[in-house]
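Undergrad: Build me a model:
(one chain, ligands or ions: 1)
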Amino acid sequence: MNIEQIITELKEYKGPERKIMEVCGTHTASIFKSGVRSLLSSKIKLISGPGCPVCVTPAAYIDRCIEYAMTENHVLVTFGDMMKVPGTEGSLSQAKGNGAKVELMYSPMEVVDRAEKNPGTTYVIAGVGFETTVPAYALTLEEAVGRGVKNIRLLTALKTVMPALEWICENEAEIDGFLCPGHVSVIIGSAAYENLAEQYQKPFVVAGFEPEHILAGVYDIMRQLQVESGKEKGVHNLYKNAVRTEGNQKAMSVIDRYFEPGAAMWRGLGMIEASGLYLRPEFALYDGGSKGLDRDLELPEACRCGDVIVGRINPNECPMFGTGCNPMNPYGPCMVSSEGACGIWHRNIGML
Ligand code: SF4
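TA: Numbering: from 1, shown residues only. This next block holds a predicted model:
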């Protein structure tokens, strides 16, 4: 079937309403940029999922980062997208304005050089991300260990996607199918979704980021839900030039060498068992005290990121959207990151 036929079928769909979650923010951004929603029947709802690591990082973690940045002889190093994320008493950006020592990085690996040149300073790396970025932190540790650089600490809010998807399957029954996160799937492989697809009888489709890939993915999910009703739902990989069934085993093994799973707090979802990645005990020297950031310091009052992240509401249904909360002045974490659903919706408001 060609793309014109797919668009026609999706536009003319008149069956029961279906909710499809696009798990990652890159898909959300592409959906908006390309106007994919306008090509779908109003009965097909695309819901933004929890695949923005910055958005789900708890406020307690931001607070700990700020504490480090205010500590003598310590520097907090982070990617730029963390700077405006609100903690309980402000963001890293505000703390920097008040004299906190916060530096930006383009890659965690560059921090090894900085630390080696400044042995009297402890460099605390804010490690935030999913499986896609975890190998970079693992390789940074490998480099630091290999070069004997000991003044680096990793404060990890690193997370794995599968436990969160399981949480959604268990708690948000009205989601009919999933457009799997493309970049994460490159690492974990399409086979990672098979157990969930079988257990919850929902389609999981891996698709690329171009609009035609997304439309093909949505169409595949709809076919599984409608045309193939009564048949087993499963995992279909439509992104085979990037995602292998078994994933990237080399990346998985470097992750496994340095990290082990543990419970982690997801802002808006709560504590999810085995969804966080923490340094193995043999690398405790490099741990910035990552465990114990599990106080359920929830979202600012009136912020509905928790509902947005699991697709209970669209961002523009939050009363703060565009009024008390916008990308220049974010009130909640989903408005901050380039992959946050609220920020993407706000930047593309004319497309709604
Ligand atoms: Fe939170 Fe702002 Fe999104 Fe509302 S619009 S859910 S306050 S980030």
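
Undergrad: Name the next helix or strand downstream of the lengthiest strand in the chain, please.
TA: With DSSP state E setting the assignment, residue counts place strand 270-279 as the longest strand in the chain. Using DSSP states H and E, the helix or strand that follows strand 270-279 towards the C-terminus is helix 305-309.

Undergrad: Name the residues of the next helix or strand after that next one that are buried.
TA: Note on helix 305-309: by DSSP H and E, the next helix or strand toward the C-terminus is helix 341-347. With burial defined by 16 or more other C-beta atoms under 10 Å, the residues of helix 341-347 counted as buried are Ala341, Cys342, Gly343, Ile344, Trp345, His346. Placement of C-beta: from N, CA and C, glycine included.

Undergrad: Looking at those residues, spot the one nearest the ligand.
TA: Taking C-beta to the nearest ligand atom as the measure, the ligand lies nearest Cys342 of those, at 3.3 Å.

Undergrad: I'd assumed Gly322 was in contact with that closest one.
TA: No. At 9.3 Å, Cys342 does not count as touching Gly322 under the criterion of C-beta atoms under 8 Å.

Undergrad: Backbone dihedrals for the closest residue to the ligand within the chain, both of them.
TA: Nearest residue of the chain to the ligand: Gly332, at 2.5 Å (C-beta to the nearest ligand atom). Main-chain torsions, Gly332, degrees, to the nearest 10: phi -120, psi 160.

Undergrad: How many residues are close by the closest residue to it other than its chain neighbours?
TA: Nearest non-adjacent residue to Gly332, counting by C-beta to C-beta, 6 or more residues apart in numbering: Cys303, 3.5 Å away. The number of residues packed around Cys303, counting by other C-beta atoms under 10 Å, is 25.

Undergrad: looking at this, Ala132 is in a helix?
TA: For the record, residue 132 is Thr, not Ala. No. Thr132 is assigned coil when assessed by DSSP: H, G, I helix; E, B strand; the rest coil, not a helix.

Undergrad: give me the element the nearest residue to it once chain neighbours are set aside is part of.
TA: In space, and not counting its chain neighbours, Thr132 is closest to His183: 4.4 Å by C-beta to C-beta, 6+ apart. Element membership for His183, per DSSP H and E: helix 182-188.

Undergrad: And for Pro135?
TA: helix 134-147.

Undergrad: And whatever helix or strand comes next after that helix, what does it pack against?
TA: Downstream of helix 134-147, the next assigned helix or strand under DSSP H and E is strand 152-158. In this structure, strand 152-158 makes packing contacts with helix 59-69, helix 110-117, strand 122-129, helix 134-147, strand 259-266, strand 270-279, judged by 3 or more C-beta pairs under 8 Å, 6 or more residues apart in numbering; DSSP states H and E.

Undergrad: so the helix or strand just after strand 152-158 versus strand 259-266, what angle?
TA: Remark: after strand 152-158, the chain's next helix or strand is helix 161-171, criterion DSSP H and E. Here the directions of helix 161-171 and strand 259-266 differ by 40 degrees (axes from the mean of the first three to the mean of the last three C-alpha atoms, to 10 degrees).

Undergrad: Let the chain start at 12 from now.
TA: With 12 as the first residue, the last one maps to helix 172-182.

Undergrad: rewinding a little: OK, contacts around the residue nearest to Thr143?
TA: Neighbouring residues of His194 by C-beta atoms under 8 Å, 6 or more residues apart in numbering: Cys35, Thr37, Thr143.

Undergrad: Give me the neighbour count for the first one.
TA: In this case it means Cys35. 27.

Undergrad: so who does it touch?
TA: Gly60, Gly62, Cys63, Pro192, Gly193, His194, Val195, Glu350.

Undergrad: what residues does this structure put near the ligand?
TA: 314-316, 319, 326, 329, 331-332, 336, 342-343, 345-346, 353 (C-beta under 6 Å from any ligand atom).

Undergrad: Counting neighbours, which of those residues comes out on top?
TA: Cys345 (36 neighbours).

Undergrad: What pLDDT does the model give Leu310?
TA: The score at Leu310 is 61. That number is its pLDDT.

Undergrad: let me redo that: Ala70
TA: 83.

Undergrad: element containing Met233, please.
TA: Assigned by DSSP H and E, Met233 falls in helix 222-233.

Undergrad: which one among the contacts of His194 gets closest to Tyr289?
TA: Thr143 (18.0 Å; C-beta to C-beta).

Undergrad: How many residues are close by that closest one?
TA: Around Thr143 there are 21 residues (other C-beta under 10 Å).

Undergrad: Farthest from the middle of this protein: give me that residue.
TA: Distance from the centre of the chain peaks at Gly131, with 34.2 Å (C-alpha atoms, centre = their mean).

Undergrad: For that residue, which non-adjacent residue is closest in space?
TA: Asn84 is the one closest to Gly131 (C-beta to C-beta, 6+ apart), at 6.3 Å.

Undergrad: same thing with Leu226?
TA: For Leu226, the spatially nearest residue (C-beta to C-beta, 6+ apart) is Ile17, at 5.5 Å.
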